[in-house]
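Chemist: Give me the fold of what follows.
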Amino acid sequence: MRKGKGGTDMATSRAEQRAATRRALLAEGRRRFAADGYHDVVLAEVAAAAGVTKGAAYHHFASKAGLFRAVVAEVQTELGERVAAAADAHADPWEQLRAGCRAFLAAGADPAVRRIVLVDAPTVLGWDEWRAMDDDASARHLAQALESLVAAGVIADQPVAPLARLLSGAMNETAIWLARSTAPSALTDAEQALDRLLSGLRTQESAE
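Modeler: The predicted structure follows:
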């Protein structure tokens, strides 16, 4: 019994160590990808800074691209959660849409979101993979919100897929612009432009 328990404890310890190694590599990779951009990051340097061997880094992620893909997924998941939390703070479906869109725009101020998700990921991962990851993380929240508003008659009956793509593309571009802008009123100006854009979607009856 003691031997079995000891074996279980050792297995648990090894699993915890592997998890800690992965977290350390993700954290350091995220910091470097956000600060330096994908092409200037060296996986061996990430491993050394994280306090693990280069072999451990390759064991967990196989390559720099593998580490980057995992970092993108982590950042996109957090972004989706941020957008969903902002929307869920409101009871009215229209205000949920506005709040979620505003939260996405504001996220452009986060260097990790801007450089990793908006700038490097489409190029490094390819457009199709990046779009699929974006759909899983945050774009699906936008599509769901639009579907609810169309069903409620707040937005005119129309195909939601192209509308969601149009809004998502516009917000991605605006988030990049916000991250690079030094104008104090940039976020306010973007939010006002967003409100004008969204208001054009409302049916006359729901806007009255």
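Chemist: Tell me which helix or strand the residue nearest the centre of the chain sits in.
Modeler: The chain has Gln76 as the residue nearest its centroid, 2.1 Å off, counting by Cα atoms, centre = their mean. Taking DSSP states H and E as the definition, Gln76 sits inside helix 64-88.
Chemist: List the buried residues in that helix.
Modeler: 64, 67-76, 78-80, 82-84, 86-87 (16 or more other Cβ atoms under 10 Å). The way it works is simple: take the backbone N, C-alpha and C, and place the C-beta from them, glycine included.
Chemist: repeat for stretch 24-39
Modeler: Buried residues in stretch 24-39, counted by 16+ other Cβ under 10 Å: 24-26, 28-34, 38.
Chemist: Can you tell me the closest non-neighbouring residue to Glu147?
Modeler: Once flanking residues are discounted, Glu147 sits nearest to Val160: 5.2 Å by Cβ to Cβ, 6 or more residues apart in numbering.
Chemist: pull the helix or strand with minimum mean pLDDT from this structure.
Modeler: Using mean pLDDT, DSSP states H and E, the weakest-scoring helix or strand in the chain turns out to be helix 204-207, at a mean of 64.
Chemist: residues in contact with stretch 63-74?
Modeler: Stretch 63-74 has contacts (Cβ atoms under 8 Å, 6 or more residues apart in numbering) with 25-26, 29-30, 33, 38, 41-43, 46, 57, 60-61, 116-117, 120-121, 124-125, 130, 133, 137.
Chemist: And that stretch, how far out from the chain middle?
Modeler: Remark: stretch 63-74 is offset 13 Å from the chain centroid, using Cα atoms, centre = their mean, to the nearest Å.
Chemist: and if you look at stretch 71-79?
Modeler: Chain-centre distance of stretch 71-79: 4 Å, with Cα atoms, centre = their mean.
Chemist: again, but for stretch 77-89
Modeler: Stretch 77-89 sits 10 Å away from the centroid of its parent chain (Cα atoms, centre = their mean).
Chemist: ditto for stretch 118-130
Modeler: Chain-centre distance of stretch 118-130: 12 Å, with Cα atoms, centre = their mean.
Chemist: Could you shift the numbering so residue one becomes 701, and keep it that way?
Modeler: Noted, 701 is the first residue going forward, which turns the last one into stretch 818-830.
Chemist: ok, and for that stretch, which residues are buried?
Modeler: Judged by neighbour count (16+ other Cβ under 10 Å), stretch 818-830 contains these buried residues: 818-822, 824-825, 830.
Chemist: pLDDT averaged over that stretch, what's the number?
Modeler: Mean pLDDT, stretch 818-830: 91.
Chemist: could I get that stretch in CSV with only the CA atoms?
Modeler: This file holds the C-alpha atoms of stretch 818-830, laid out as CSV (Å, rounded to 0.1, in the frame of the first residue of the first chain):
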residue,chain,number,x,y,z
LEU,A,818,-4.5,41.3,-34.1
VAL,A,819,-1.2,41.8,-35.8
ASP,A,820,0.9,38.6,-35.7
ALA,A,821,-1.6,35.8,-35.5
PRO,A,822,-3.3,36.2,-38.9
THR,A,823,0.2,36.2,-40.6
VAL,A,824,1.9,33.5,-38.5
LEU,A,825,-1.1,31.1,-38.3
GLY,A,826,-2.7,31.9,-41.5
TRP,A,827,-6.1,33.6,-42.0
ASP,A,828,-8.2,30.5,-41.9
GLU,A,829,-6.8,29.1,-38.6
TRP,A,830,-6.8,32.6,-37.0
